[in-house]
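> Show me the folded form of this:
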Amino acid sequence: MKNDADEIEELEQRLKEGNLPDVAMKAAEKELKRLRKMPPVHPEHAMIRNYLELMAELPWSRASRDHLDIAKARQQLDADHYGLAKTKKRVLEYLAVRKLKSSLRGPILCLVGPPGVGKTSVARSIATSIGRQFHRISLGGVSDEADIRGHRRTYIGSMPGRVISGVRAAGVNNPVFLLDEVDKMTTATIRGDPAAALLEVLDSEQNHTFTDHYLTVPFDLSQVLFVATANTTASIPSALKDRMEVIRISGYNVDEKVRIAEGHLIPKQLKEHGIGQGHLVLPSSTVTTMVSHYTREAGVRSLERKIGAVCRAVALQLAEGKPVAAAVPPPAATKTVGEPSSYASPGKGSRHSGPGMSVVDSAVGNTALASVQPSSSPSIDEGATQPLVVTADMLEDLLGPWEYERNLKEQLVVPGVAMGLAWTMHGGELLFVEAIGMPGTGNISVTGNLGDVMKESAKLAISWIRAHADLYEIPARGDAKDLIGERDIHIHFPAGGIGKDGPSAGITILMTLLSLFSGRCVRSDTAMTGEIALRGKVLPVGGIKEKVLAAHTAGVRRVILPAQNKRDVHEIADEIKKSMQLVFVDTIHDALQHAFEGGFSTTSKL
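Now for the predicted structure:
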């Protein structure tokens, strides 16, 4: 059994073999001298020893060798994730420059997008593709600066921060660090500001001398490849956001979600539930129904849960020996999907690929169902020869009634209703605006849990209509049938439990009011977004891709957008743009001509 002196000698040898920088070695030797003079029962003995063990275990000069084969890296990224073109391009660019200059500092990326689009998993794929160690740090709810910079060694129980601890766990000085949920840190608390502490970590001009409060000597983080994730940049301090290269990942349309489910989610859920491939089949028509009527999200997380629910329901029926409806697809109608090559298409977005799986085309889902009796239906583990085909008609029994229905046109059959588009941290959303008039004195009420900006948009719309009432033949000048001055107007945004704010609903509010005053309905196939100005301009807004995807998912095929947002359309997939009519307007008058069937007549030229 080693005594204390032998352990100290062993620790000293480890320090010498650790290739510590001069500054770190001097600090370690100083603490080592104190440790030798200190009895083991002294309270500081364990603290000093823990500190020296940290110094010996840190990879001061130990680095992993990057895989600089760009072709293989591209193949690995395409096999793991479907799309994410910007992220893949940035990683390949880093590898290309890394081949030319070995001392290149690691990039600092920030992936921003709704939940369930694959932000967290892509960081692990990046580490695999370039052959580096991977370490994840969850920053959600962090409120203490010491979590980042560490505790000062002035009390028992002090420890290094998460960054130095992560480097220690990785064992190399150039890992891929995932800073997960960087937008959910609690800032400016009594314990300091963790977001401010990250400034030094994520600044390429400073992090080569990052000093942890516990370590007290500089450590080089310049070779670390940092990948941060966030749902929105609104809650990230501007100074911190300025230090990161923001790459936005939007949601997926129905077709993309079906491909993701067939290539990854279904094989994954079958494996997790112990169901062999070929024993349970979800046709494309069934997955499409699940996407359209049982989920409403930008990502695929809820879709994965629904697929898991179907697997559990079928497994339960088989375990209980109940008959399950099944159809045996003809061999010619079965296709194999989910191979890595199908995920190599750039510019579309999503998660990992998976092993191949037999999936029946939507036409097969209409095949007459055959009842499989318990006695003739082998169990899943016994190698059933006839796959169980879950058709769209069976989903109501397995998942319950539809959770979402597309009855949008029915909501736009009366004047005073218009369909807008909103951006949220969970992706794009449809936003209905309703207005009703009643005899009164011209008061305006705006409800629906709105912020100040959206309330101001309603005031802007009313002011513009009053200023142009004569042009559009709307009585508003004290006439006997004054539609504005002699009436109270109530504007409401449904879903009052959800907070709403932002300027992009301005054009929708204005169309709602003009529909109310004119008695004409806004086109039921049209959604819109845009900020309005008193001079009659339609100003650009953000989140265009997410909003157009939300409209496409909901079955809306016509969208009115500000003309200055044409530059944002290139981010939308070509198949979506081909299936939709995107109308760009520069003025409110132009928007009126497209929002109403047959246009909106005026008494003179605007």
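> Helices along the stretch 451-600 of the chain, start to end?
Ranges of helices in the stretch 451-600 of the chain, per DSSP state H, counting those that start in this stretch, are 452-467, 506-518, 544-553, 574-579, 588-595.
> Can you give the strand pairings for the biggest strand by length in the chain, parallel or anti for each?
Counting by DSSP state E, the longest strand found in the chain is strand 427-439. Here strand 427-439 is paired, per DSSP bridges, with strand 417-424 (antiparallel), strand 487-492 (antiparallel).
> Please compute how far that strand lies from its chain's middle.
27 Å (C-alpha atoms, centre = their mean, to the nearest Å).
> That one - what's its average pLDDT?
Mean pLDDT, strand 427-439: 88.
> Now do the strands in the stretch 1-150 of the chain.
Using DSSP state E, counting those that start in this stretch, the strands of the stretch 1-150 of the chain run over residues 108-112, 134-138.
> List of residues touching the last one?
I take that to be strand 134-138. Contacts of strand 134-138 with the rest of the structure, by C-beta atoms under 8 Å, 6 or more residues apart in numbering, involve 120, 123-124, 127-128, 162-163, 166-167, 169-170, 175-181. The way it works is simple: take the backbone N, C-alpha and C, and place the C-beta from them, glycine included.
> what's the answer for the first one, then?
Defining contact as C-beta under 8 Å, 6+ apart, one finds that strand 108-112 is touched by 87, 90, 119, 122-123, 182, 202, 204, 226-233, 236, 241, 243-249.
> Quick one: distance of that strand to the chain centre.
12 Å.
> what about the closest residue to Ala495 other than its chain neighbours, neighbour count?
For Ala495, ignoring the flanking residues on the chain, the nearest one in space by C-beta to C-beta, 6 or more residues apart in numbering is Gly448 at 7.4 Å. Neighbours of Gly448 under the rule other C-beta atoms under 10 Å: 20.
> list the contacts for Gly448?
His492, Phe493, Pro494, Ala495, Gly496, Lys500.
> could you list every residue that touches the residue nearest to Leu225 when sequence neighbours are not counted?
Using C-beta to C-beta, 6+ apart and skipping the chain neighbours, the partner closest in space to Leu225 is Gly106 (3.9 Å). Contact analysis of Gly106 by C-beta under 8 Å, 6+ apart lists Tyr94, Asn174, Ser222, Gln223, Val224, Leu225, Phe226.
> Mind putting those into TSV with pLDDT and neighbour count?
Formatted as TSV, the contacts of Gly106 follow (pLDDT from 0 to 100; neighbours: other C-beta atoms under 10 Å):
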residue	pLDDT	neighbour count
Tyr94	84	19
Asn174	91	23
Ser222	89	17
Gln223	89	19
Val224	91	25
Leu225	90	23
Phe226	92	27
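> Strands - which of these land there?
Leu225, Phe226.
> Output the below-cut-off pLDDT ranges for the stretch 301-450 of the chain.
322-386, 406-411 (pLDDT under 70).
> if we go to 80?
The stretch 301-450 of the chain contains residues with pLDDT under 80 at 317-387, 405-413, 425-427, 442.
> and what of the stretch 101-250 of the chain?
Scanning the stretch 101-250 of the chain with the threshold set as pLDDT under 80 gives 102-106, 187-191.
> what's around Leu48, how many residues?
I think there's a mix-up here, since residue 48 is Ile and not Leu. 16.
> Now do the same contact list for the closest residue to it other than its chain neighbours.
Nearest residue to Ile48 in three dimensions, chain neighbours excluded: Leu35, at 4.9 Å (C-beta to C-beta, 6+ apart). Applying C-beta under 8 Å, 6+ apart, we find Leu35 in contact with Ile8, His45, Ile48, Arg49, Leu52.
> Next up, the contacts around the closest residue to Glu429 other than its chain neighbours.
If the residues on either side of it in the chain are set aside, Glu429 comes closest to Ala422, at 4.9 Å by C-beta to C-beta, 6+ apart. If you count contacts by C-beta under 8 Å, 6+ apart, Ala422 has them with Gly428, Glu429, Leu430, Leu431, Lys500, Gly502, Ser504, Ala505, Thr529, Lys547.
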